[in-house]
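Visitor: Predicted coordinates and the sequence they were generated for:
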Amino acid sequence: MNLACPDEVRQQLDGLYQWQVQRMDQPNNTATSLSSQSERFSPRIFSLLTQARQLTPSKDGRYLDFDVFSNTQVRTFSAVITGCSSAQKNSILAAVEVQAGLRKTPSATPRRLEYELKRDCTGQWKITEITYRNERVFHLKTYLEKLVNPTP
């Protein structure tokens, strides 16, 4: 990651993680629903996220079993943008280290995520993909597409 992140990209990701930490602190607050963050995402990934979060094991036989903003099943404490790099035209990759853990204690090892953001037709940066970089590297969009529309 060799570029300074544009302020707009930092604002999108910092705002997302402020919401994420608030959501962890106040899980029953309707202001912390995912719909309040829709403007941060491309329509496609937001639709997949919404559909995946509605799945239940009893009804659908599958569900989203991890927090997509930390790649864990535990609490998010904070996140730091560590750098950016150019991807394609009108897109940028932003590396984020997320501190997550149980109760009041973050893990010593941050979770490494890479966000791809693209400029939409209005010039706004939108999250189009999240890549998880810890143990097993995988892409959120591909995972959600398979989860929402499994092939028999």
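Guide: Noted; the coordinates are in hand.
Visitor: Please enumerate the helices of this protein.
Guide: 7-25, 43-54, 57-60, 140-148 (DSSP state H).
Visitor: so which of those helices gets nearest A94?
Guide: Among the helices of the chain, the nearest to A94 by Cβ to Cβ is helix 7-25 (5.6 Å). Yep, even glycine has a C-beta here, placed from its N, CA and C like the rest.
Visitor: contacting residues around that closest one?
Guide: The contact list for helix 7-25, computed with Cβ atoms under 8 Å, 6 or more residues apart in numbering, reads 29, 32, 36-37, 40, 69-70, 75-79, 81, 84, 92, 94, 96, 98, 115, 117, 124-127.
Visitor: Can you flag the buried ones in these?
Guide: Neighbour-count burial within these applies to 32, 37, 40, 69-70, 75-77, 79, 81, 84, 92, 94, 96, 98, 115, 117, 125-127; the criterion is 16 or more other Cβ atoms under 10 Å.
Visitor: now the strands: where do they sit in the chain?
Guide: Applying DSSP state E to the chain gives strands spanning 75-86, 91-102, 105-106, 111-119, 125-132, 138-139.
Visitor: possible to save those as a markdown table with distance to D14 and mean pLDDT?
Guide: Formatted as a markdown table, the strands of the chain follow (distance: least, Cβ to Cβ, whole Å; pLDDT from 0 to 100):
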| stretch | distance to D14 | mean pLDDT |
| --- | --- | --- |
| strand 75-86 | 7 | 92 |
| strand 91-102 | 10 | 94 |
| strand 105-106 | 18 | 84 |
| strand 111-119 | 12 | 95 |
| strand 125-132 | 12 | 96 |
| strand 138-139 | 23 | 94 |
